[in-house]
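Undergrad: Have a look at this fold, sequence not included:
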């Protein structure tokens, strides 16, 4: 099992990699998902797998699929993903690809790439939070991805920050996702901004309204992360997703709020770092998961 193929199936793009045992990328490609006709993207993935196997002469390579939603208990399919990628739910990839295939939630896949090769390499207890349109997350405990009962663990965006806030898409009031996710930026700014990038641009210019909104969101993020440190006590928290492109405009106020809210026993502060991998994180991470699943059998 020298080579493992990783496919990251997103709503917009499909990304594919082939990774050797040392973690080197032997091959990579990406193309539009064309969501709306599942036969199109399923066939595209099948052809990609065949192409990689032929080019690398790795016909015994196993496969990992990173996708949104909750996988089933055996990680052979996504069992729950309503509203997106019709045809994905309960689709068993091993049968379709005629190759042993393991399926993992995309946020957990991204965390696996960081834990094995990236910002958290060598760490055993890790939390990853992705800040983008929504807020996702993943947990590593004692070196292993924690999926929990029903494979639901890691939905950090759906912890509550404000019990009096509006209910989010799963019914949680005042969620972390609604506090900082790009999905609510128009609501949080009364229609002034349509993206977090616009908000941060005005924050950098010293705009008082943008500063109030942005720092309020970062403060709520800090409260959420500090709460997680009390529950999980991770060595490091990794931040990924498009909002992290704010860099120090995010990290500096976040660390100040963390110093205020985090329970720092004997001065031990949880390290917060940016993710190392970007677009290929899901595809790389699921190769790690697939390889480890086979090894443990």
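TA: On my side now, so go ahead. Just so it is clear, the model here is predicted, and its values are computed rather than measured.

Undergrad: Quick check: which ranges of the chain have low pLDDT?
TA: 1 (pLDDT under 70).

Undergrad: mind listing the strands for the stretch 1-150 of the chain?
TA: 3-9, 13-20, 25-32, 62-67, 70-71, 78-80, 101-105, 126-131, 135-141, 144-145 (DSSP state E, counting those that start in this stretch).

Undergrad: helices and strands around the fourth one, which ones?
TA: Using 3 or more C-beta pairs under 8 Å, 6 or more residues apart in numbering; DSSP states H and E as the contact test, the elements touching strand 62-67 are strand 3-9, helix 93-97, strand 101-105, helix 106-117, helix 281-295. For every residue, glycine as well, the C-beta is placed using N, CA and C.

Undergrad: Take the strands of the stretch 1-150 of the chain and lay them out in TSV including distance to residue 257 and mean neighbour count.
TA: Converted to TSV, the strands of the stretch 1-150 of the chain look like this (distance: least, C-beta to C-beta, whole Å; neighbours: other C-beta atoms under 10 Å):
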stretch	distance to residue 257	mean neighbour count
strand 3-9	32	27
strand 13-20	34	22
strand 25-32	36	15
strand 62-67	31	27
strand 70-71	31	20
strand 78-80	34	19
strand 101-105	28	27
strand 126-131	14	27
strand 135-141	16	25
strand 144-145	28	18
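
Undergrad: want to try a markdown table for those strands, with distance to residue 251 as columns?
TA: Compiled in a markdown table, those are given as follows (distance: least, C-beta to C-beta, whole Å):
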| stretch | distance to residue 251 |
| --- | --- |
| strand 3-9 | 26 |
| strand 13-20 | 27 |
| strand 25-32 | 28 |
| strand 62-67 | 26 |
| strand 70-71 | 31 |
| strand 78-80 | 33 |
| strand 101-105 | 26 |
| strand 126-131 | 12 |
| strand 135-141 | 16 |
| strand 144-145 | 25 |
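
Undergrad: These: which one's closest to residue 173?
TA: strand 135-141 (15.2 Å; C-beta to C-beta).

Undergrad: who touches that closest one?
TA: Applying C-beta atoms under 8 Å, 6 or more residues apart in numbering, the external contacts of strand 135-141 come out as 105-108, 110-112, 115, 120, 123-130, 145-146, 153-157, 175-177, 180-181, 232, 234, 241.

Undergrad: Of these, keep whichever come out buried.
TA: For these, a burial check counting by 16 or more other C-beta atoms under 10 Å picks out 105-108, 110-112, 115, 120, 123, 125-130, 145-146, 153-157, 175-177, 180-181, 232, 234, 241.

Undergrad: And stretch 278-294, what's buried?
TA: 280-293.

Undergrad: Likewise for stretch 190-207?
TA: 193, 196, 199, 200, 202, 203.

Undergrad: Could you work out the end-to-end span of stretch 28-37 for me?
TA: For stretch 28-37, the first-to-last residue distance is 24 Å (C-alpha to C-alpha, to the nearest Å).

Undergrad: Spatially central residue for the chain, please.
TA: In the chain, the centroid-proximal residue (C-alpha atoms, centre = their mean) is residue 107; its distance is 2.5 Å.

Undergrad: Now do that one against residue 151, distance only.
TA: Counting by C-beta to C-beta, to the nearest Å, the gap from residue 107 to residue 151 is 12 Å.

Undergrad: and what of residue 212?
TA: 39 Å.

Undergrad: Could you do residue 219 as well?
TA: For residue 219, the distance to residue 151 - C-beta to C-beta - is 31 Å.

Undergrad: go on, residue 124?
TA: 21 Å.

Undergrad: repeat for residue 162
TA: From residue 162 to residue 151 the distance is 27 Å (C-beta to C-beta).
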